[in-house]
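Peer 1: Return atomic coordinates for the entry below.
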Amino acid sequence: MPAVATGPHSSAVQLYRALDEEDLSSACRLLKSTPAGRLPLDAEELGKVGRRVACLARDKLREAVREEDGSLDKVLREVDLIESSFPHAIGMKSSLEYAAARLRQQDGAC
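Peer 2: I've put the predicted structure just below:
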């Protein structure tokens with residue numbers, strides 16, 4: 001973690017904690033409330049965070065498709081929100097996991 005992201009309550013520290021805990025919902029809330037330009041991270045760290053968020057989102061999509069526990073709609077909403085509000089999380093909506101989740105959602109709506 002970069003030195004600029006210090007303090008237990010800084011948004012960057014909270015975001016890293018959410019990612020370490022694999023908590024997409026918390027990461028989504030943090031990214032929605034804190035624009036990327038206001039996170040105390042440099043461009044390299046923003047890229048790393050974006051890749052971690054995208055990887056976590058794909059994992060959560062894959063899990064939601066397999067489990068069929070009703071979490072699919074929530075995970076899809078979070079992915080849509082993250083990708084629209086955090087430009088460093090690239091490729092979530094173009095992933096195979098996202099496509100599979102959308103197909104599963106459409107199958108369930110029929």
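Peer 1: Spatially nearest residue to residue 24, not counting backbone neighbours?
Peer 2: Distances taken as CB to CB, 6 or more residues apart in numbering put residue 60 closest to residue 24, at 4.8 Å, once the chain neighbours are dropped. C-betas here are computed from N, CA, C, even on glycine.
Peer 1: Please apply the same query to residue 95.
Peer 2: For residue 95, the spatially nearest residue (CB to CB, 6+ apart) is residue 58, at 5.3 Å.
Peer 1: hang on, that neighbour packs against residue 92?
Peer 2: Yes: at 6.8 Å, residue 58 counts as touching residue 92 under the criterion of CB atoms under 8 Å.
Peer 1: With neighbour numbers in mind, choose between those two.
Peer 2: residue 92 (22 against 18; other CB atoms under 10 Å).
Peer 1: which SS class is the more buried one?
Peer 2: Reduced to three states with DSSP: H, G, I helix; E, B strand; the rest coil, the structure at residue 92 is coil.
Peer 1: Verify the stated contact: it with residue 82.
Peer 2: Yes: using CB under 8 Å, residue 92 is in contact with residue 82, at 6.9 Å.
Peer 1: Return every residue with contacts to both of the two.
Peer 2: Common neighbours of residue 92 and residue 82, using CB atoms under 8 Å, 6 or more residues apart in numbering, are 53, 57.
Peer 1: Without its sequence neighbours, what residue ends up closest to residue 104?
Peer 2: residue 65 (5.1 Å).
Peer 1: Next up, the contacts around that neighbour.
Peer 2: Residue 65 sits in contact with 72, 97, 100, 101, 104, where contact means CB under 8 Å, 6+ apart.
Peer 1: Now, of those residues, which are buried?
Peer 2: Buried by 16 or more other CB atoms under 10 Å: 72, 97, 101, 104, out of the contacts of residue 65.
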